[in-house]
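[1] Got a predicted model here, sequence first, then my questions.
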Amino acid sequence: MANILLFLYKGIQHSWWLATFVMISVYVPIFAFVYWIDARKVDRERQMAISLRELVNALIIGVATFSINNLNFIIDSPFVVRQVGANLLYIRTLVDFSGLLLLFAWNEQRREIQMNHELKAMNDILYKHYDHYQASQESMDIINQRYHDLKHQINMIRLKRSCKEGRVFVGD
């Protein structure tokens, strides 16, 4: 596709209308595709908190990608040869996609770290509920044991029919 666009671009008298059309026809589908990939992962109800450090990291990745992409326009050296043609387009496209992939990988890592924090918080809540359940179960076992002992004591008092106080106490 890049060769076709380059061929069409070289063969026609250059104007800013053509450059704008080519730019829109290339970038709009790419941005729409990238948005579609990223938007289907995002939960609309959950907002991700972005810290200043994360913002600075994303800006550094973007600036580094842009700088490397335009390095051949700044440096005049035999190692960086200015070539007008497909090689320059391939290199710049490769650097752009590498920067984009780096941003995607960094974003996925950030999401995974946040999900791990949420999972840890949920596990902590679960363990606290389980500890509370165990304490409640122990309390119920103690109450049931005392109830069981009290029931046996009442039965012993009932068995002693000769004891007048026992009959009055039990209500017989």
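    Yep, it's here.
[2] going forward, measure contacts and count neighbours with C-alpha atoms only.
    Fine.
[3] Model confidence for residue 158, exactly?
    We have a pLDDT of 76 for residue 158.
[4] Residue 56 now?
    91.
[5] What are the buried residues along the strand or helix carrying it?
    Using DSSP states H and E, residue 56 maps to helix 52-69. By 16 or more other C-alpha atoms under 10 Å, the buried positions in helix 52-69 come out as 58, 61, 62, 65, 69.
[6] ranges for the helices of this protein?
    Taking DSSP state H as the criterion, the chain contains helices spanning 2-11, 16-39, 52-69, 71-74, 86-159, 164-170.
[7] Just the C-alphas of the third one, formatted as CSV.
    What that stands for is helix 52-69. Taking C-alpha atoms only, helix 52-69 is exported to CSV below (Å, rounded to 0.1, in the frame of the first residue of the first chain):
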residue,chain,number,x,y,z
LEU,A,52,1.7,12.0,37.0
ARG,A,53,4.4,9.5,36.7
GLU,A,54,2.4,7.4,34.2
LEU,A,55,1.6,10.5,32.2
VAL,A,56,5.3,11.5,32.1
ASN,A,57,6.2,8.0,31.0
ALA,A,58,3.7,8.1,28.1
LEU,A,59,5.0,11.5,27.1
ILE,A,60,8.6,10.3,27.1
ILE,A,61,7.6,7.3,24.9
GLY,A,62,5.8,9.6,22.5
VAL,A,63,8.6,12.2,22.4
ALA,A,64,11.3,9.5,21.9
THR,A,65,9.3,7.9,19.1
PHE,A,66,8.8,11.3,17.4
SER,A,67,12.5,12.2,17.9
ILE,A,68,13.8,9.0,16.5
ASN,A,69,11.3,9.2,13.6
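[8] Give the residue spans of this protein that score low on pLDDT.
    Residue ranges of the chain with pLDDT under 70: 1-14, 42-48, 72-89, 161-172.
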